[in-house]
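> predicted coordinates and the sequence they were generated for:
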Amino acid sequence: MIEATFTEAETSAQNRPVLAVCAACSAQTALAGRDSAGKRLIDRLREQTDALGISVRAVPCFAVCDRPVTLAFMTAGKWSYVIGDVDPEIELSEIVAAVDAIAAAPSGVPALSQRPDFFRKGVIARLPPVAMTADGNDGSD
Ligand code: FES
């Protein structure tokens, strides 16, 4: 079963983003009997969740199916990012670097120079925090 909800503790723990990964990305092109690219990435991340220090959730689809693998970084009170074209065999240290950069940025928007390559090149969307005011001020930076 795919769980796509997040506890408050997950999104606020050390102000680090929760990483959500599409489990269905490239499922149609996966060889018979093999997992989708998204599922492979999720499995790799979950094998090392404690060591990596990140919280990983599988989601059924981000509706960005032409940009596999698609994932999102979401933090309570900060901007969220949807990122596509992530190689399922990516060095997991790059994902940790992205989590660290987002966690270190007060608004959740790290400088381009702080973003690993997949993050710089793959942004599909940036979503404001729910608490953003009507004038676009998120109250952080
Ligand atoms: S299948 Fe991954 S975003 Fe739709």
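Arrived safely.
> all helices of the chain, in order?
Secondary structure of the chain (DSSP state H): helices at 8-12, 37-47, 49-52, 92-104, 117-122.
> residue 59: which of these is closest?
When the helices of the chain are compared by C-beta to C-beta, helix 37-47 sits nearest residue 59, at 9.0 Å. C-beta: built from backbone N, CA, C; applies to glycine.
> buried sites along the closest one?
Going by neighbour count (16 or more other C-beta atoms under 10 Å), the buried part of helix 37-47 is 37-42, 44-45.
> ranges for the strands of this protein?
Assigned by DSSP state E, the strands in the chain fall at 18-22, 55-59, 71-74, 80-83, 123-127.
> from the contact counts, what lies against the last one?
Strand 123-127 makes packing contacts with strand 80-83 when contacts are defined by 3 or more C-beta pairs under 8 Å, 6 or more residues apart in numbering; DSSP states H and E.
> quick one, what contacts the nearest residue to residue 73 once chain neighbours are set aside?
Leaving aside its chain neighbours, residue 73 sits nearest to residue 17 (4.0 Å; criterion: C-beta to C-beta, 6 or more residues apart in numbering). Residue 17 sits next to 11, 73-75, 78, 80, 99, 102-103, 108 when contact means C-beta atoms under 8 Å, 6 or more residues apart in numbering.
> give me the pLDDT for residue 17.
Listed pLDDT for residue 17 reads 94.
> against residue 103, how distant is it?
Between residue 17 and residue 103 the computed distance is 7 Å (C-beta to C-beta, to the nearest Å).
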